[in-house]
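build the 3D model from these lines:
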Amino acid sequence: MNSNELTPARMHDLLKRNVFSDIDLERVASMDADQRRELKLSQIDKMLGMGPYAAVLNWYLSQFVDDDNQRRTENPLYDEEDTPLVAWYLEVAELGYALSYCKAFCLDLLAPGFQMDTDDLRQQFTIDNQQLIAWLQQTPYRRVAAMVAKILIRVELDRVVGHNDAVQDYFAENCSTGDIDTQDIDNADKFINDAIGVITEMKQHAERGRQLGLSDEQMRVVDLLWSWVPHDYPEDYVATAKEVIEVVDRALPAKTVIRSRKGFKMFYDQLIPQLVQVIEKHDVPVDLTDRYNLTMGYMEDWLYSKYLGGIVLDE
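Alright, predicted model coming up:
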């Protein structure tokens with residue numbers, strides 16, 4: 001046998017020395033489900049704090065799964081996955097992968113008793129899930145909670161990307177979903193609080209628009225005219241948004257017309273003077289002659305989505 005070959009015994013020893021030095025791994029076999037879950041959470045939380053940007057957790061994941069979360073067959077413990085300890089190693093990898101790659105997962109992995117009303121796991125990660133929000137605020141595993149909050153933000157971002165640029169930018173400005181350095185517990189706590197705060201603020205902003213009887217598109221156009229969120233939907237902006245949408249809808253080409261980027265430029269150039277008249281009539285302070293200001297960037301993205309009407313261009 002090659003002296004450098006990684007045997008099951010050596011793999012166990014490697015994990016013990018590098019990751020699980022503070023626990024008695026032999027106890028895992030005798031633990032019940034709740035104890036295994038708590039041990040899993042405590043160890044992932046610890047790994048998230050070992051090295052910048054979860055370096056140790058990333059190393060751990062690389063031992064067991066690939067980038068597609070498929071089990072690494074070359075791992076020397078592959079044939080021992082039915083044993084309690086290796087099964088637990090894989091449970092740690094399963095949750096660790098979901099946290100690291102912002103993947104929705106069954107919340108039973110965090111605590112028992114979560115209510116699930118849909119098969120769509122992503123629907124668990126909303127600000128309306130009061131059980132989850134309470135868990136985020138109360139759990140002692142603050143680094144794990146920060147990564148869960150990151151999934152919460154990612155789900156919200158995926159919902160608004162392509163549907164409201166102003167809200168998307170507000171998320172990016174106030175709660176970035178980039179790498180979180182969870183070594184510092186204060187950083188983790190700040191991110192959790194920021195995530196809950198920003199999502200709550202955007203939910204309230206949308207609810208206020210619905211109270212005024214506005215559709216999602218009308219709210220989007222008010223947001224892009226204002227160029228920032230939140231705001232209180234001023235009457236002149238609401239009136240402008242409604243008329244802008246009417247003008248755009250009338251100008252859209254027939255469904256039989258083939259869409260193209262060249263066609264959009266012609267559509268855009270012909271439409272802007274009409275929108276300038278609408279905006280000037282309502283005395284809303286938006287400069288549509290400056291194609292490079294923020295409002296016009298939002299406007300162009302919205303008009304392009306309207307022009308395409310759900311069609312994806314190949315060119």
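
phi, psi of residue 65?
Per-residue torsions, residue 65: phi -130, psi 160 (degrees, to the nearest 10).

for it, give the beta-bridge partners.
Beta-bridge partners of residue 65, counted by DSSP bridges, are residue 71.

three-state assignment of residue 249?
Assigned by DSSP: H, G, I helix; E, B strand; the rest coil, the conformation of residue 249 is helix.

I'd like to know how far residue 269 sits from residue 76.
65 Å (CB to CB, to the nearest Å). Any C-beta I mention is one placed from the backbone N, CA and C, and that applies to glycine too.

which of those two has more neighbours?
Between residue 269 and residue 76, counted using other CB atoms under 10 Å, residue 76 has the larger neighbour count: 16 against 9.

contact partners for the more buried one?
Residues in contact with residue 76 (CB atoms under 8 Å, 6 or more residues apart in numbering) are 6, 7, 8, 10, 11.

change it to 10 Å
When contacts are counted by CB atoms under 10 Å, 6 or more residues apart in numbering, residue 76 touches 5, 6, 7, 8, 9, 10, 11, 12, 14, 63.

list phi and psi for residue 72.
phi -80, psi 110.

just checking, it touches residue 60?
No - Residue 72 is beyond contact range of residue 60, at 11.9 Å (criterion: CB atoms under 10 Å).

between those two, which contacts overlap?
residue 93.

mind checking which of the two has more residues around it?
Ranked by neighbour count (other CB under 10 Å), residue 72 and residue 60 place residue 60 first, with 25 against 14.

distance check, the more buried one against residue 213.
52 Å.

could you do residue 169 as well?
Applying CB to CB to residue 169 and residue 213 gives a distance of 25 Å.

below-threshold pLDDT in the stretch 201-315 of the chain: ranges please.
310, 312-315 (pLDDT under 70).

buried ones in stretch 69-77, by neighbour count?
Of the residues in stretch 69-77, 75, 76, 77 count as buried by neighbour count, 16 or more other CB atoms under 10 Å.

wait, a helix at the second one?
Looking back up the chat, that one is residue 76. No - checked against three-state DSSP, residue 76 lies outside a helix; its state is coil.

what count of nearby residues applies to residue 152?
27.

what strand or helix carries the most centrally placed residue in the chain?
In the chain, the centroid-proximal residue (CA atoms, centre = their mean) is residue 154; its distance is 0.4 Å. Taking DSSP states H and E as the criterion, residue 154 maps to helix 142-160.

elements contacting the helix or strand just after that helix?
The helix or strand immediately downstream of helix 142-160 is helix 165-174, counting by DSSP H and E. The contact analysis (3 or more CB pairs under 10 Å, 6 or more residues apart in numbering; DSSP states H and E) places helix 165-174 against helix 142-160, helix 185-211, helix 216-226, helix 294-308.

pretty sure residue 181 contacts residue 147?
No - the criterion here is CB under 10 Å, and residue 181 misses it with residue 147 at 11.9 Å.

which one's more surrounded, these two?
Looking at residue 181 and residue 147 with other CB under 10 Å, you find the greater number of neighbours at residue 147, namely 26 against 15.

state the pLDDT value of residue 176.
pLDDT for residue 176: 77.

what about it, which helix or strand?
Going by DSSP H and E, residue 176 is not part of any helix or strand.

contact partners for it?
Taking CB under 10 Å, 6+ apart, one finds 150, 153, 191, 194 in contact with residue 176.

contacts for stretch 5-22?
1, 4, 23, 25, 28, 39, 42-43, 46-47, 50, 56-57, 59-60, 63-64, 74-80, 83, 85-86, 89, 92.

much appreciated, bye for now.
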